[in-house]
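*Asks:* Return a 3D structure for these sequence lines:
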Amino acid sequence: MKNIISHFFIPVLLFSSVIYSQNLGTVNLPASLADPGTQIINMVPVKPQNIGYCEGPVVDNNGNLYFSEQDAGIIWKVTSSGQVSKWLTLNPPYVNGLDIAPSGNIAVCEKTRITERDFDGNLVRVVTTGNNWGQGANDLTYASNGDMFFTAFNQYFWFHSADSSVNHEYSFSQPFNIYFNGIEFLEEKNILYVCQWGQNRVMKYTVNINREVNTNNGVVFANIAGPDGITVDKNYNVYIASNSASTGGIYVYDSTGNQLGNILMRQDNNPGSNASNCVFGGPDNKTLYITGDGGAYKVQLKVAGRVRPVITSLKQDRRLSALQSRGPELSINRRGKGIELKFSEESVANGSIFTASGKKLLDFQISKSVPLYWEPPVRGVFAVHCSKGRTPFSRTITFE
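*Replies:* Numbers count the residues shown, from 1 in each chain. The predicted structure is shown next:
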């Protein structure tokens, strides 16, 4: 499961908030996060079948939404124009968390394995397997080089290296060792958030440069009923999905753990409908997609989602070999006040540079003999998206 949270209680909010109700729930967020009158919209208003409990929302570069119907083993696809279809059916019938891998493929949490699949649903590779995962693989989160943290249903969490040389299980002593669920790694902050569903709390851990987690130094980030999945916006506010039967929805916190508000789900006007997960997407990356009872929903926000790093930050006046792309296609190096992008082949790659909020700054073409030199207009985080034929690849650059 992924990206969800819920509470024992709702603290008094210490700001002037915007409160408005729709038939799918109640949005209670400050005006900096949502406009008055914003609605919760059903992404699948006409059900192609009786969709049950859904999970794992993820959005591709073309704006298509994918989410999993957990016990049915179905992955659904909703195109940017709203067309709904079955994208993939798995056997045995179980599927949970989804993500976009650094390779550009869709990563899928299955019963006894985590796989990568192309956008036609074809199996590309098996990332890792396990026969002791309870119900199955649950949720996953990537580093820029393909290193991965993941959880299995109601158990511990694992680290799996990009080259598969390390697959380390982080186990715990009682009473801590139960019900880990949603997981989110912030590479640029060296932070790992893990929802501990069975303890009604979200834990925050520090991760070192070798991707090692000191489990003795974890802190409780939030106390929430049934925390399931988790995601983060560009300001590092944390969105936690709660699958509590009584207070299910999305609970929003700033990076210090102060609650900013919530989105309470009311499926078919019945209180207590839950949320399982959430993810940012949409044309400007400001749409929050939510899964849970009966499918997928969306809420338009005023803040964009975090752009996940794909390379280590560029530091002023020095070149780091770690900044180069992990494949043969693209290298990114510091030069003067900007960066130089070089392609390893004479064939042309097309690309664009975006701000963290999704605003396009530049379209370009590069080849081995025609590199690109670019100076950012301001300090901040920028996303570079390139493609050669049907092969997409992305990098994130931070100018400090």
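*Asks:* looking at it, residue 67 is touching residue 75, isn't it?
*Replies:* Yes. The criterion here is Cβ atoms under 8 Å, and residue 67 meets it with residue 75 at 7.2 Å. In this view, the C-beta of every residue, glycine as well, is placed from N, C-alpha and C.
*Asks:* Please enumerate the shared neighbours of these two.
*Replies:* Both residue 67 and residue 75 are in contact with residue 98, where contact means Cβ atoms under 8 Å, 6 or more residues apart in numbering.
*Asks:* Buried ones in stretch 201-218, by neighbour count?
*Replies:* 201, 202, 203, 204, 205, 207, 211, 213, 215, 218 (16 or more other Cβ atoms under 10 Å).
*Asks:* what about the closest residue to residue 281 other than its chain neighbours, how many residues close to it?
*Replies:* Excluding the flanking residues, the one nearest residue 281 by Cβ to Cβ, 6 or more residues apart in numbering is residue 59, at 3.1 Å. Residue 59: 22 surrounding residues under other Cβ atoms under 10 Å.
*Asks:* doesn't residue 36 fall inside a helix?
*Replies:* No. Counting by DSSP: H, G, I helix; E, B strand; the rest coil, residue 36 is not part of a helix but coil.
*Asks:* any idea how far it is from residue 201?
*Replies:* Distance from residue 36 to residue 201, counting by Cβ to Cβ, to the nearest Å: 32 Å.
*Asks:* One more: residue 231?
*Replies:* Distance from residue 231 to residue 201, by Cβ to Cβ: 18 Å.
*Asks:* Surely residue 40 touches residue 296?
*Replies:* No. Using Cβ under 8 Å as the test, residue 40 is too far from residue 296 to be in contact (11.1 Å).
*Asks:* State the distance from the residue nearest to residue 281 to residue 279.
*Replies:* Taken as Cβ to Cβ, the span from residue 59 to residue 279 is 6 Å.
*Asks:* intersection of neighbour lists for the two?
*Replies:* residue 289.
*Asks:* and which of the buried residues of stretch 201-218 is nearest residue 151?
*Replies:* The closest of the buried residues of stretch 201-218 to residue 151 turns out to be residue 203 (Cβ to Cβ; 11.6 Å).
*Asks:* residues contacting the closest one?
*Replies:* 193, 194, 195, 196, 218, 219, 220, 221.
*Asks:* could you redo the last one with a cut-off of 6 Å?
*Replies:* 194, 196, 218 (Cβ atoms under 6 Å, 6 or more residues apart in numbering).
*Asks:* my read: the first one touches residue 183, true?
*Replies:* Yes. Taking contact to mean Cβ atoms under 6 Å, the distance of 5.0 Å between residue 194 and residue 183 places them in contact.
*Asks:* Pull the number of nearby residues for residue 346.
*Replies:* Using other Cβ under 10 Å, residue 346 has 9 neighbouring residues.
*Asks:* how about the nearest residue to it, chain neighbours excluded?
*Replies:* Among residues not flanking residue 346 along the chain, residue 368 sits closest, at 4.9 Å (Cβ to Cβ, 6+ apart).
*Asks:* Count the neighbours of that neighbour for me.
*Replies:* Using other Cβ under 10 Å, residue 368 has 13 other residues around it.
*Asks:* now do residue 189
*Replies:* 14.
*Asks:* Checking my notes, it in a strand, right?
*Replies:* No. According to three-state DSSP, residue 189 belongs to no strand; its state is coil.
*Asks:* measure it to residue 374 for me?
*Replies:* Counting by Cβ to Cβ, the gap from residue 189 to residue 374 is 25 Å.
*Asks:* in the stretch 51-200 of the chain, what spans have low per-residue confidence?
*Replies:* For the stretch 51-200 of the chain, applying pLDDT under 70 flags the ranges 154, 173-178.
*Asks:* quick one, domains of the chain?
*Replies:* 17-300, 321-399 (automatic domain parsing).
*Asks:* Include distance to residue 306 when you put those domains into a markdown table, please.
*Replies:* Below are the domains of the chain laid out as a markdown table (distance: least, Cβ to Cβ, whole Å):
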| stretch | distance to residue 306 |
| --- | --- |
| domain 17-300 | 5 |
| domain 321-399 | 8 |
